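[1] Here is my input; please provide its structure:
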Amino acid sequence: MMKKAVSGLLASAAFVPAFAFAQQAQAPLTSQQAAAMQEGQRAAYGAAHDTVIERKNQSIIRPDEVNKFRQKALDNQAAMANPAYDPDAEPPEAKRKDVDYVMEAGRDPELLSLSKWAPTPITFLDRNKKAIPVRSLAWNRQAFSINGIGCPAAHAPGQSSQGDDGAGGDQDKQQEVQEPTVLYVVPCRPSQWGGIAVQLKGYPVPVEFIISASPKASHIDTPVVLNVHSPAPPPRRVVKRPPPPPPSDDGSGPSELWSFMSGTPPQGAVALPVRGPGQAWRYNGNVYVKAAGRMAGIGQAGAEATTGQQSVYRFDGAAPNDVHFMSPTGQDETLSIGVVKRK
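    Sure thing, here's the model as predicted:
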């Protein structure tokens, strides 16, 4: 292949001189012309040879390049087997995370970014800023360690690993009986993803966390504080009736009504027991009722008298058992006539 390339270059180099001397092909070459032609052929051959050698050198991988490629492959394998932060890179930024957590069904999980090298404390506070105890936890112990529980330990050579499935032993069960107020969460591997469910004492709905860990994360959440509270109940719709218009002090009405209004009942009036804010008497076969405000359903009374906020009503014959009034403040009041007041 090299010979063909050299021959081609020589032929192309020799073409120009041959074309140049085509007019003189009939005449014999002088010694100087022959020497110049040979010198041109040698220069063209040398240039072609150098070009072929350069191309072959470019296609050959040198030993230093082989070693560099091999080292890069080893570094990639080590990074995949044990990923860690680049010592020459900036560490992730630690940010405190405060969450206003409304305890209600249907809430999305809380997202956290943690690190294997930085244990993150998680605290739950109530409205009074008091720590809420944790009643129970659910998580994959091969993915996260919480308060020292989780992440199966490496076994010594010859030691049995049976039963180490991340479910925890008797020591774990004893620790779970307690109700911690702070959870220290550590991912088991530099690159990790998973969820943690936290059941708080006194709350029916568990708190769900989705946690991710990556050696390439730009920040981590630590510490984490959840201010937990229940959703506010819907506002009660208070129907408030407008207070009755103040009665005019016109002094109208029968004279006996004004006697009861003045607080000095006429002679022969018998006071009746009343439950509620008012007074009642029986006089001349009729019942008189005095109270502050206006009676609802004025048509039931035979006569009335008003002055300021006070009203007196006369019921011909027997009065109803219950008389409904609206007080000057707009509140409904009920007078039960003939019922002894409770002490």
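
[2] Asn321 versus the closest residue to Gln310 other than its chain neighbours, what's the distance?
    Across the structure, with C-beta to C-beta, 6 or more residues apart in numbering as the measure, the residue nearest Gln310 apart from its sequence neighbours is Ala292 (5.9 Å). C-betas here are computed from N, CA, C, even on glycine. Look at Ala292 and Asn321: by C-beta to C-beta, to the nearest Å, they are 20 Å apart.

[3] These two - which one has more neighbours?
    Ala292 (16 against 10; other C-beta atoms under 10 Å).

[4] contacting residues around the more buried one?
    Taking C-beta atoms under 8 Å, 6 or more residues apart in numbering as the criterion, Ala292 is in contact with Pro277, Gly278, Gln309, Gln310, Ser311, Phe325, Ser327, Pro328.

[5] was I right about the second one contacting His324?
    No: with contact taken as C-beta atoms under 8 Å, Gly278 and His324 are classed as non-touching, separated by 11.1 Å.

[6] so after the helix or strand containing Ala48, what's the next helix or strand?
    Element membership for Ala48 (DSSP states H and E) is helix 31-59. Once the chain leaves helix 31-59, the next helix or strand it forms, by DSSP H and E, is helix 63-81.

[7] What's the first helix or strand after that next one?
    The element immediately downstream of helix 63-81 (helix or strand, assigned by DSSP H and E) is strand 93-102.

[8] low-confidence ranges in the stretch 101-250 of the chain?
    Per-residue confidence of the stretch 101-250 of the chain (counting by pLDDT under 70) places the weak regions at 153-177, 232-250.

[9] all helices for it, in order.
    Ranges of helices in the stretch 101-250 of the chain, per DSSP state H, counting those that start in this stretch, are 170-177.

[10] now the strands for it?
    The residue ranges that make up the strands of the stretch 101-250 of the chain, judged by DSSP state E, counting those that start in this stretch, are 110-114, 120-125, 134-139, 144-146, 182-187, 192-200, 207-213, 219-229.

[11] would JSON lines of the ones you listed with distance to Gln300 and mean neighbour count be doable?
    Conversion of the strands of the stretch 101-250 of the chain to JSON lines gives the following (distance: least, C-beta to C-beta, whole Å; neighbours: other C-beta atoms under 10 Å):
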{"stretch": "strand 110-114", "distance to Gln300": "63", "mean neighbour count": "18"}
{"stretch": "strand 120-125", "distance to Gln300": "59", "mean neighbour count": "19"}
{"stretch": "strand 134-139", "distance to Gln300": "60", "mean neighbour count": "16"}
{"stretch": "strand 144-146", "distance to Gln300": "72", "mean neighbour count": "21"}
{"stretch": "strand 182-187", "distance to Gln300": "68", "mean neighbour count": "19"}
{"stretch": "strand 192-200", "distance to Gln300": "58", "mean neighbour count": "17"}
{"stretch": "strand 207-213", "distance to Gln300": "60", "mean neighbour count": "19"}
{"stretch": "strand 219-229", "distance to Gln300": "51", "mean neighbour count": "18"}
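
[12] Looking at those, which is nearest to Phe315?
    Nearest to Phe315 among the strands of the stretch 101-250 of the chain is strand 219-229; the distance by C-beta to C-beta comes to 54.3 Å.

[13] Now do that closest one: everything it contacts.
    By C-beta under 8 Å, 6+ apart, the residues outside strand 219-229 that reach it are 92-103, 110, 112-115, 118-127, 132, 200, 203, 207.

[14] and Gln33, which of the strands of the stretch 101-250 of the chain is closest to it?
    Nearest to Gln33 among the strands of the stretch 101-250 of the chain is strand 219-229; the distance by C-beta to C-beta comes to 81.7 Å.

[15] Just checking: what are the partner strands of that closest one?
    Applying DSSP bridges to the sheet, strand 219-229 is found paired with strand 93-102 (parallel), strand 120-125 (parallel).

[16] so it versus strand 110-114, what angle?
    Between strand 219-229 and strand 110-114, the angle comes out at 150 degrees (axes from the mean of the first three to the mean of the last three C-alpha atoms, to 10 degrees).

[17] Summarise which helices and strands the following helix or strand past strand 219-229 is packed against.
    The first helix or strand that comes after strand 219-229 along the chain, using DSSP H and E, is helix 255-261. Contact partners of helix 255-261 among helices and strands, from 3 or more C-beta pairs under 8 Å, 6 or more residues apart in numbering; DSSP states H and E: strand 278-283, strand 286-292, strand 303-307, strand 310-315.

[18] circling back to that earlier point, redo the strands of the stretch 101-250 of the chain as a markdown table? Include distance to Gly268.
    A markdown table is the format used below for those (distance: least, C-beta to C-beta, whole Å):
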| stretch | distance to Gly268 |
| --- | --- |
| strand 110-114 | 80 |
| strand 120-125 | 72 |
| strand 134-139 | 74 |
| strand 144-146 | 86 |
| strand 182-187 | 81 |
| strand 192-200 | 72 |
| strand 207-213 | 76 |
| strand 219-229 | 65 |
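
[19] quick revisit: which residues are common contacts for Gly278 and His324?
    Glu333, Leu335.

[20] Just want to know which of the two has more residues nearby.
    In this view Gly278 and His324 are compared by other C-beta under 10 Å, and Gly278 has more residues nearby, 20 against 15.

[21] If you drop the residues flanking it in sequence, what lies closest to the more buried one?
    Nearest-residue entry for Gly278: Ala291, 3.5 Å, with adjacent residues in sequence omitted and distances by C-beta to C-beta, 6+ apart.

[22] neighbours around that neighbour, how many?
    22.
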